[in-house]
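Generate coordinates for the sequence data below:
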Amino acid sequence: MKYLWLIMVRFMHRIFSKLPSILSYFFLAFSVMVCFIILVPSCFDRVPVLSYYIEEHELPLTYKLQGEIKVLDETGNIVNKNVEVFVGGYSTTLTSTEFNLTFSAPATDKVFVVIRYEVDGNIRELTKCLVIKDGNLVIEEEFIIHV
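Numbers count the residues shown, from 1 in each chain. From the prediction side, this is the model:
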């Protein structure tokens, strides 16, 4: 019994004597990981918005919305003229029927897309809610607008 007690005391002594160095390595690794996440957020599909990070303790995600927009007239012809896509504060202008927009948002399950287009000199808008599936950072969508 005394031998067992001696082994246990030696074991505890070794652990407590090495505890400061173990903790220092842990804090070093933790600080390097946090710095890496802040300095290179694109590796983690994040955006470095530090004011948001201070409030929420996480960086917002980077989403990619891509697809096609077709504004069709009565005969079915594509009449894309001055078409713009807005998501939050991010926007893009179409040069053809295809678009590609990268935007940031907190982890969410839906996003609202505003499409602004011109028909007969009048500017019209269409708002659509897109549902984001869990873990899906690339959203592909086709918008067909009949005017």
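
continuing past the helix or strand of the chain with the lowest mean pLDDT, what's the next helix or strand?
The helix or strand of the chain with the lowest confidence, counting by mean pLDDT, DSSP states H and E, is helix 50-56 at a mean of 69. Helices and strands here follow DSSP states H and E; after helix 50-56, the next one along the chain is strand 61-72.

Could you check that next one and say which residues are buried?
By neighbour count, with 16 or more other Cβ atoms under 10 Å as the criterion, the buried positions of strand 61-72 are 61, 62, 63, 65, 67, 69, 70, 71. All C-beta atoms are positioned from the backbone trio N, CA, C, and that covers glycine.

any idea where the helices of the protein begin and end?
With helices called from DSSP state H, the chain shows them at 2-39, 50-56.

Lowest average confidence across these, which one?
Comparing mean pLDDT across these, the weakest is helix 50-56, with a mean of 69.

ok, the residue nearest the centre of the chain - contacts?
With distances taken as Cα atoms, centre = their mean, the residue of the chain nearest its centroid is residue 61 (1.9 Å). Contact partners of residue 61, counting by Cβ atoms under 8 Å, 6 or more residues apart in numbering, are 45, 46, 47, 104, 105, 106, 107, 137.

for it, which residues make a bridge with it?
Residues found in beta-bridge contact with residue 61 (criterion: DSSP bridges) are residue 46, residue 105.

Show the pLDDT at it.
For residue 61, the model assigns a pLDDT of 81.

Would you check how far apart it and residue 9 are?
Using Cβ to Cβ, to the nearest Å, one obtains 51 Å as the distance from residue 61 to residue 9.

And residue 83, by the same measure?
In this structure, residue 83 lies at 77 Å from residue 9, with Cβ to Cβ as the measure.

Tell me which of the helices of the chain sits nearest to residue 87.
Ranking the helices of the chain by proximity to residue 87 (Cβ to Cβ) places helix 50-56 first, at 16.5 Å.

Please report phi then psi for residue 121.
phi 80, psi -10 (degrees, to the nearest 10).

How about residue 79?
Per degrees, to the nearest 10, the residue geometry at residue 79, taken as phi and psi, is phi -120, psi 50.
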